[in-house]
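Peer 1: my questions concern the predicted model and sequence given below.
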Amino acid sequence: MRRAFTGFELIRIHAMEGQPPEVYQIDYAIKGLEAGRGGKPVERDHHRVEIQLTSDYPRLAPKCKMLTPVFHPNIDPAHICVGDHWTAGERLVDLVIRIGEMLAYQAYNIKSPLDGEAAMYADLHPERFPTDARSLRPPGLE
């Protein structure tokens, strides 16, 4: 994991716990949204996510949660919805990239939201997305 994102400014491994690591904290330097005053979303350019590998990993998706505020249809403070698209063969680096794509509104699903208000906002304002169109795949990562 660390090697995959070394030198990549948009995604950094902030911390790892365990040997081998079972908990990762990932920093994203990308444009996303958080809820502002009056429910209006405001831009946020730093996000932190925690990914915890359970004893059922990789058969079941890791537990993923936000450590910073976010406004996204498929994310609430305690859960990032990655299970709908999880396969046991998915690499952890690809999951980290996919979460970044969600934060940048490059990927979202308004049909099955965790945050109904964010889903309604995304549905009513599709012209505002993605919030960050840059590629979140580090160079040389296949």
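Peer 2: Yes, it's here.
Peer 1: and the longest helix belonging to the chain, how far from the chain's centre?
Peer 2: In the chain, assigned by DSSP state H, the helix with the most residues is helix 92-103. Here the centre of helix 92-103 is set off from its chain's centre by 5 Å, with C-alpha atoms, centre = their mean, to the nearest Å.
Peer 1: and Arg48, that's in a strand?
Peer 2: Yes: using DSSP: H, G, I helix; E, B strand; the rest coil, the assignment for Arg48 is a strand.
Peer 1: need the nearest residue in space to Tyr121, chain neighbours excluded.
Peer 2: Pro41 (6.2 Å; C-beta to C-beta, 6 or more residues apart in numbering). No exception for glycine: its C-beta is placed from N, CA and C like everyone else's.
Peer 1: what residues are up against the residue nearest in space to the middle of the chain?
Peer 2: In the chain, the residue lying closest to the centroid (C-alpha atoms, centre = their mean) is Ile99, at 2.5 Å. By C-beta atoms under 8 Å, 6 or more residues apart in numbering, the contact list for Ile99 reads Ile26, Tyr28, Val49, Ile51, Cys64, Ile80, Val82.
Peer 1: run the last query once more with 6 Å
Peer 2: Contact analysis of Ile99 by C-beta atoms under 6 Å, 6 or more residues apart in numbering lists Val49.
Peer 1: just the pLDDT for it.
Peer 2: Predicted confidence (pLDDT) for Ile99: 96.
Peer 1: just the helices in this protein please.
Peer 2: Counting by DSSP H, the chain has these helices, from start to end: 2-5, 92-103, 116-124.
Peer 1: as TSV, the ones you listed with distance to Pro73 would be great.
Peer 2: Converted to TSV, those look like this (distance: least, C-beta to C-beta, whole Å):
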stretch	distance to Pro73
helix 2-5	26
helix 92-103	9
helix 116-124	4
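Peer 1: return the most buried member of those helices.
Peer 2: Neighbour counts (mean count of other C-beta atoms under 10 Å) averaged over each of the helices of the chain peak at helix 92-103, with a mean of 20.
Peer 1: right, so of the helices of the chain, which gets closest to Ser135?
Peer 2: Of all those, helix 92-103 sits nearest to Ser135, with 9.2 Å by C-beta to C-beta.
Peer 1: mind exporting the closest one as CSV, just the C-alpha atoms?
Peer 2: Extracted C-alpha coordinates of helix 92-103, given in CSV (Å, rounded to 0.1, in the frame of the first residue of the first chain):
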residue,chain,number,x,y,z
LEU,A,92,-6.8,-2.7,-1.4
VAL,A,93,-5.1,0.0,-3.5
ASP,A,94,-8.0,-0.1,-5.9
LEU,A,95,-10.4,0.3,-3.0
VAL,A,96,-8.4,3.4,-1.8
ILE,A,97,-8.7,4.8,-5.3
ARG,A,98,-12.4,4.1,-5.5
ILE,A,99,-13.1,5.9,-2.2
GLY,A,100,-11.2,8.9,-3.6
GLU,A,101,-13.3,8.8,-6.7
MET,A,102,-16.4,8.8,-4.5
LEU,A,103,-15.1,11.8,-2.5
